[in-house]
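In: kindly generate the corresponding structure for this input.
(chains A, B and C)
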Amino acid sequence: MVERLDHLLGREAGELSLGTFHALCAGILRRDGAAVGLHPRYSIYDDSDQISLMKRSLQELGLDPKTYNPRALLGAMSAAKSQLLTAEDYVERSRSYFEEIVGRVYQRYELLLAQNQAVDFDDLLMKTHQLFQSHPQILARYQSRYDHILVDEFQDTNLTQYALARQLSARHSNLFVVGDPDQSIYSWRQADIRNILDFERDYPEAQVVHLEQNYRSTQTILQAAHGVVSVNEDRKETQLWTENEKGLPVIMVEADSESDEARFVVREVDNLLAQGDVRPNDCAVMYRTNAQSRALEEAFMRHGTPYQVIGGVRFYERREIKDLIAYLRLVYNPYDDISLLRIVNVPPRGIGQRTLDDFRQWAGRLGIPLYAGLQRLTEDGFSNPFGAHAGAALGRFASLIRDLSAQSAQVDVARLLDSVIKASGYQEYVMESPDGEERWQNILELRGIAAGYQNLDPQQGLTVFLECVSLFSDTDELDEKTDRATLITLHQAKGLEFPVVFMVGMEEGLLPHFKCFDHSEQMEEERRLCYVGMTRAKKRLYLLRAMRRTLMGGVTANPPSRFLSDIPGKLTSHASLYREEAMLASPVATTLVEFEVGDQVEHPKFGRGVVVGCRPTRDDCELEVSFPDFGRKKLLSSLARLGRLRED
DNA sequence: GCCTCTGGATTTTTT
DNA sequence: ATCCAGAGGC
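Out: Take a look at the predicted model:
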């Protein structure tokens, strides 16, 4: 985004602050969070840290994590935070037994967060809002800093984000939001469409501009996508139009299995590349679930076609990476018990469950963070209450972290990381494990990323590095410089565009996902998701499905997605792998051209003619063409080299 | 304390 | 199919 703006605005782009709500808030809290009791070196807890903390909350309350699913509780709590409900608010309005439990857990969870000097993703937003509310003079500073505020993808903001935008723009009243209700695909993350509806109420003087001209896609693609999304009932009818050409038909492909599906994609990409006007970068393959990337990746790899997978098993969620980050986080924020517990015995250093339980209880009685407890153990003249063996192991760990902390003020992040690896013996530990080599490569990659922070002073470097790691977004890794195809989920693809798009898994159960079958609102969201995917395509759109596919160990046969039948037939062509042998190595879309009755066509031998009949078959189209000099001829669209004459 | 085995859950999407 | 937590053996 920064690059795009640089390109558009030139030098002035440097004056802009640009970021996700979360990143912006993280910076604000880093500077001014002390006003709401936040330590400037607070940690940001991600998904798995949240799970740990939630489990600990349950444990402390004597609740069984099997009865009370930590994920479900986190979900309920997150929903509350997205609407600015504090734990106390929540408790006050809880109506059911479940809500009562959530309320109790929420309170305990908040307490633990505070003890750890940590915040979760939702807190970044909510605490910033609280900060602004309780400290108008701080808010005023940010208000005067930003003359204008623009929120993009406004349909995907939650109530807290909207409230933040309101606060920040209150002084200048220059708030500009851009959004498309048809592309609202994050309601499960508490995105609230009310934000769009309420906007005009909250800003009665707002000017509304409807952007109905599309500059990206061909007419055919737009019409096909409209066919899908216009079925939604909870929707205001709008139809995009474009001055672009009609373009190629949408290609529907029916494959045998997911590997066939993947093979088709790879071959077609190669065909397009061979033809010359398409580069690997122009091609994207989109799917509903990350698990689907596997078969595709395999096909791309085997075929030797360059590709990149966005998201999937996320880099920063790999175990070896999280472990090393936990060392850095603990060094950075000694209150961070979650990070300490993660690595206290990784690699194994003789601190087992028993020792740890004793130690935690002991520190708990003293009311001090675990790290402070460790330091106390090593103080001179302190008689260690743990056994000789366990006590010594704890002591060694304590001095390990202390040495690293001392270094953290002196050396840059990359060197600090080297020290962590060396002092903990992490390299040996990783190399012993299965996939050791691969995991070590990941660590080297992390080392490379850390090296990018060398020009900052040590403290600053560590701060910025940890923040980037926590707030890293998958689409950040989208690499436009190396020329390769992109494999990406439909959700992540929002906001992007590609000349060639393959949507795979167009089946009932995948898109729409079977989890959405029972709820009409969720079903409408699936439809929008399909719409988002289709409208990413500029020139060529392929919709693929597999007759059989392996899901969670078992083989299933999914019927075609209901969305496929909402695309007007005259916009589509069918292709399948069965025809593959007969097909020359040329892209499907150049051999299949869309014809309608009445089209003027030209044949290399018969000359000009008019299409009088058109019968689509499963993977082709039988045409009947009337030629003035040769009479009526039956032709196969894929074989007869017919050209359509321009309509005037 | 640490390693291995087994049974059970678990996959929708993400800042 | 794969990952994780808990149990049991060394």
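In: which residues does the residue lying closest to A:Arg318 once chain neighbours are set aside contact?
Out: Leaving out its chain neighbours, the residue that sits closest to A:Arg318 by CB to CB, 6 or more residues apart in numbering is A:Asn442, at 5.7 Å. (Glycine included, C-beta is placed from N, CA and C.) Applying CB atoms under 8 Å, 6 or more residues apart in numbering, we find A:Asn442 in contact with A:315, A:318, A:320-321.
In: just the element for A:Asn442, please.
Out: helix A:436-451 (DSSP states H and E).
In: do that helix and DNA strand B meet at all?
Out: No - if you take CB under 7 Å from any atom of the strand as the test, helix A:436-451 misses DNA strand B, and the best it gets is 13.2 Å.
In: that helix close to DNA strand C?
Out: No - with CB under 7 Å from any atom of the strand as the criterion, DNA strand C is not reached by helix A:436-451; the gap is at least 11.6 Å.
In: would you mind extracting the C-alpha trace of that helix into PDB?
Out: Only the C-alpha atoms of helix A:436-451 are listed here, as PDB (Å, rounded to 0.1, in the frame of the first residue of the first chain):
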ATOM      1  CA  GLY A 436      15.300 -30.400  12.000                       C
ATOM      2  CA  GLU A 437      16.900 -29.000   8.900                       C
ATOM      3  CA  GLU A 438      13.700 -27.300   7.700                       C
ATOM      4  CA  ARG A 439      13.000 -25.800  11.200                       C
ATOM      5  CA  TRP A 440      16.600 -24.600  11.300                       C
ATOM      6  CA  GLN A 441      16.100 -22.900   8.000                       C
ATOM      7  CA  ASN A 442      13.000 -21.100   9.400                       C
ATOM      8  CA  ILE A 443      15.200 -19.900  12.300                       C
ATOM      9  CA  LEU A 444      17.700 -18.600   9.800                       C
ATOM     10  CA  GLU A 445      14.900 -16.800   8.000                       C
ATOM     11  CA  LEU A 446      13.900 -15.200  11.300                       C
ATOM     12  CA  ARG A 447      17.500 -14.200  11.800                       C
ATOM     13  CA  GLY A 448      17.400 -12.500   8.400                       C
ATOM     14  CA  ILE A 449      14.300 -10.600   9.300                       C
ATOM     15  CA  ALA A 450      15.900  -9.500  12.600                       C
ATOM     16  CA  ALA A 451      18.900  -8.300  10.700                       C
END
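In: buried sites along it?
Out: A:439-440, A:442-443, A:446-447, A:449-450 (16 or more other CB atoms under 10 Å).
In: which elements pack onto whichever helix or strand comes after it?
Out: As assigned by DSSP H and E, the chain's next helix or strand after helix A:436-451 is helix A:458-471. Counting contacts by 3 or more CB pairs under 8 Å, 6 or more residues apart in numbering; DSSP states H and E, helix A:458-471 is packed against helix A:21-32, strand A:43-45, helix A:319-332, helix A:388-408, helix A:413-424.
In: to DNA strand B, which of those lies closest?
Out: helix A:21-32 (3.8 Å; CB to the nearest atom of the strand).
In: picking up where we left off before, make CSV out of the buried residues of helix A:436-451 and add pLDDT and distance to A:Tyr109.
Out: Converted to CSV, the buried residues of helix A:436-451 look like this (pLDDT from 0 to 100; distance: CB to CB, whole Å):
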residue, pLDDT, distance to A:Tyr109
A:Arg439, 83, 32
A:Trp440, 87, 36
A:Asn442, 86, 31
A:Ile443, 89, 32
A:Leu446, 89, 29
A:Arg447, 91, 34
A:Ile449, 88, 31
A:Ala450, 91, 31
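In: which SS class is A:Glu298?
Out: Under DSSP: H, G, I helix; E, B strand; the rest coil, the three-state class of A:Glu298 is helix.
In: residues contacting the residue nearest to it when sequence neighbours are not counted?
Out: What sits nearest to A:Glu298 in space, not counting adjacent residues and going by CB to CB, 6+ apart, is A:Ala262, at 6.8 Å. A:Ala262 makes contact with A:295-296, A:298-300, A:504, according to CB under 8 Å, 6+ apart.
In: one more pass at 10 Å, please.
Out: A:255, A:285, A:292-300, A:302-303, A:502, A:504, A:544, A:546 (CB atoms under 10 Å, 6 or more residues apart in numbering).
In: which SSE is it in?
Out: helix A:258-275.
In: how far out from the middle of the chain is that helix?
Out: Relative to the chain's own centre, helix A:258-275 is displaced by 25 Å; criterion: CA atoms, centre = their mean, to the nearest Å.
In: understood, closing this out.
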